[in-house]
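Novice: sequence and computational prediction follow.
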Amino acid sequence: MKFLRMRATTVVLMMLCLMYFITYLDRVNVSTAAAGFGEEFNLSKTEIGLVFSAFAYPYLVFQIIGGWVSDKFGARRTLIWCGVIWAVATILTGFAGGLVSLLVARLLLGLGEGATFPAATSAMSRWVSKENRGFAQGITHAFARIGNAVAPAAVVYIMAVYGWRESFYIFGVISLLWVVVWAFVFTEDPAKHPRITAQELAELPPPKKKNTQVPWGPLFRRMLPVSIVYFCYGWTLWLFLSWIPQYFLHSYDLDIKKSALFASSVFFAGVVGDTLGGIVSDRILKKSGNLKKARSYMVSVCMLLTLLSLLPLLFTHNLYVSILCLGAGFFFAEMTIGPMWAIPMDIAPEHSGTASGMMNSGSALAAIISPVLSGYLIDITGNWELPFVGSMVLMGIGVFLAARLQPDNKFHAASADIEHPTATKVGS
């Protein structure tokens, strides 16, 4: 009954939080289940690595396409279809009979999840007030990190009781249940929601224009610096998600239980950072009224703190120092999430799905390169700290570029074309 009495805006945000949680369950469960299907199918480490990375290729391609689809046809229909695709892909993974079918299922998963975050941002641009965008993006991504932390333990338990295939069946059914609920509780236009109140409507942005033509060239040039900054962040994110458990296991010769515990503590720091980053960004905006301070400068400062947090790893090899450094580094890196994902809504509210897809393409590209290059460096040098040098370099670049972003300068394609008839100014 309490759920029924919640504000409509709260229910929508809760559904998006749940979606972020579920997508990460379905995205990272394969890492733990590999212990089962790798042995059953007699796969090499290289073949298992191919299964891991297969997700990222369609995920990258469908960032911008999915954002455009959600802007044109609405977040409701986009997420219903995406949810069905990623749920079916998850279930099909459980039916896999070898390497090829595993790769196909993972490619299908990347296709289904490619549009989810841009579509969610499109929904938030209608359902979240300008002053709460940072919090909304922070809390939803915090749930994604919780999904990342919960998946290994959940998969291990299901595998122990039933088997590795059943873990995919169960997560796929959970995804389908989310799709059904989403179809019933979300409306594209908040004003058409049966439980929306006049007070809530007064707090929300004005309705979007329907079927607005996307100015691809000007919007791409405007979002390019934002995408580069997000690539710098994404490099560190995927380094952490891919290699932190292995780092504690091999760099300090710990058993698998202790390495999992230490890895979870690092990821939990990210959950706190996601939530706090959005709250702090919105608070700065409410007090100063300055989007540049609340978004750009905050991202720049947090990237600098990430760099400084990781720096001691190069000068000492101590387990507890490493835990503190990595926890602090992930905390500050995740504090950038709320303000970063609010920037597409600040810059291009009429095209927020497309703009956020352009931005997230940076992280998707990092998801393809960062884990592989980091693994290569570890293979040829045996040094588990060396990959963090790349993170520090890119965070340093991000500090400089983030400070130059201009979220307070709203994107207007028509005026950009008038001012720059042959080329649009690169800047954001």
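Specialist: That came in fine, so what should we check first?
Novice: CA atoms for contacts and neighbours, from now on please.
Specialist: Fine.
Novice: contacts only, for the nearest residue in space to residue 145 that is not next to it in sequence.
Specialist: If the residues on either side of it in the chain are set aside, residue 145 comes closest to residue 271, at 5.7 Å by CA to CA, 6 or more residues apart in numbering. Remark: with contacts taken as CA atoms under 8 Å, 6 or more residues apart in numbering, residue 271 is in contact with 141-143, 145-146, 331, 334.
Novice: switch the cut-off to 7 Å
Specialist: Counting by CA atoms under 7 Å, 6 or more residues apart in numbering, residue 271 makes contact with 142, 145-146.
Novice: name the element the closest residue to residue 383 other than its chain neighbours belongs to?
Specialist: Nearest residue to residue 383, sequence neighbours excluded (CA to CA, 6+ apart): residue 377, at 7.6 Å. Residue 377 is part of helix 352-381 when elements are defined by DSSP states H and E.
Novice: could you report the separation of the residue nearest the centre of the chain from residue 326?
Specialist: Of all residues in the chain, the one closest to the mean position by CA atoms, centre = their mean is residue 141, 6.2 Å from it. Between residue 141 and residue 326 the distance is 19 Å, computed by CA to CA, to the nearest Å.
Novice: give me the buried positions along the very next helix or strand once past the helix holding residue 377.
Specialist: Read in the C-terminal direction, the helix or strand following helix 352-381 is helix 387-402, with elements assigned using DSSP H and E. Of the residues in helix 387-402, 387-388, 390-392, 394-402 count as buried by neighbour count, 16 or more other CA atoms under 10 Å.
Novice: for residue 106, see how far away residue 88 is.
Specialist: Applying CA to CA, the value for residue 88 to residue 106 is 11 Å.
Novice: these two - which one has more neighbours?
Specialist: Of the pair residue 88 and residue 106, residue 106 is the one with more neighbours under other CA atoms under 10 Å, namely 29 against 21.
Novice: give the burial count for the closest residue to the more buried one other than its chain neighbours, as a bare number.
Specialist: Using CA to CA, 6+ apart and skipping residues adjacent in sequence, the residue nearest residue 106 is residue 55, 5.0 Å away. Other residues within reach of residue 55 by the criterion other CA under 10 Å amount to 26.
Novice: so for residue 55, what's the pLDDT?
Specialist: The pLDDT attached to residue 55 in the predicted structure is 86.
Novice: tell me who's in contact with it.
Specialist: By CA under 7 Å, 6+ apart, the contact list for residue 55 reads 106-107, 109-110.
Novice: which parts of the stretch 51-200 of the chain are strands?
Specialist: Secondary structure of the stretch 51-200 of the chain (DSSP state E, counting those that start in this stretch): no strands located.
Novice: all helices for it, in order.
Specialist: Taking DSSP state H, counting those that start in this stretch as the criterion, the stretch 51-200 of the chain carries its helices at 56-73, 75-94, 99-113, 116-127, 133-161, 164-185, 198-203.
Novice: so which of those helices is the most surrounded?
Specialist: helix 116-127 (a mean of 28; mean count of other CA atoms under 10 Å).
Novice: phi, psi of residue 189?
Specialist: Geometry field for residue 189 lists phi and psi as phi -100, psi 120, criterion degrees, to the nearest 10.
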